[in-house]
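> Sequence plus the predicted model coming up.
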Amino acid sequence: MTLIESVIAILLVSIGLLGLLSMQPTSWNASARADQLGHAAIILSRELTARELSIMNPCNAVAAGTVTRTVYASAEDAALSGDTSYGVQTTTAPLGGNGWRVTVRVTWPLNATGIAESIVVTRQEPFRMGCI
């Protein structure tokens, strides 16, 4: 009787372990997606802030249009081993007067839609720096 109980216990533990192992690739994929989304959010925030500060300074010229560039997760100019590349598309459009709409879209491999955010920026006299 004890032998039968032991075999049943081993069988149940084996089924439980196989269930846990089958979930492992799914959790790795979810972790990779979350990591890529986190990097994209940081890149998006950095790009929006840089454009906002540039436009707010009345000394800087503002060029309307769309600029597309590649940024790497390591924040280096060239890809490091295993580095993910992100496409950053920044569009600046005049709103009239001294206002502009800045829209940034960040995409990465396996996610062509990516994430996007836009802000409205106006010139700010207190941010006047570097004028000659």
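Perfect, thanks for sending it.
> Now do the same contact list for the residue nearest to residue 84 when sequence neighbours are not counted.
Nearest non-adjacent residue to residue 84, counting by Cβ to Cβ, 6 or more residues apart in numbering: residue 73, 4.6 Å away. For the C-beta atoms, the positions are set from N, CA and C on the backbone; glycine is no exception. The contact partners of residue 73, taken as Cβ atoms under 8 Å, 6 or more residues apart in numbering, are 36, 39, 83, 84, 85, 86.
> By neighbours, which of the residues you listed wins?
Neighbour counts for those, by other Cβ atoms under 10 Å, peak at residue 86, which reaches 22 neighbours.
> Surely that one touches residue 110?
No: contact criterion Cβ atoms under 8 Å: residue 86 and residue 110 do not qualify, at 11.8 Å.
> what ranges do the strands span in this structure?
Here the chain has its strands, by DSSP state E, at 65-72, 85-96, 99-108, 111-122.
> can you put the ones you listed in a markdown table and add distance to residue 56 and mean pLDDT?
Shown next, in a markdown table, are these (distance: least, Cβ to Cβ, whole Å; pLDDT from 0 to 100):
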| stretch | distance to residue 56 | mean pLDDT |
| --- | --- | --- |
| strand 65-72 | 18 | 92 |
| strand 85-96 | 13 | 93 |
| strand 99-108 | 10 | 95 |
| strand 111-122 | 6 | 92 |
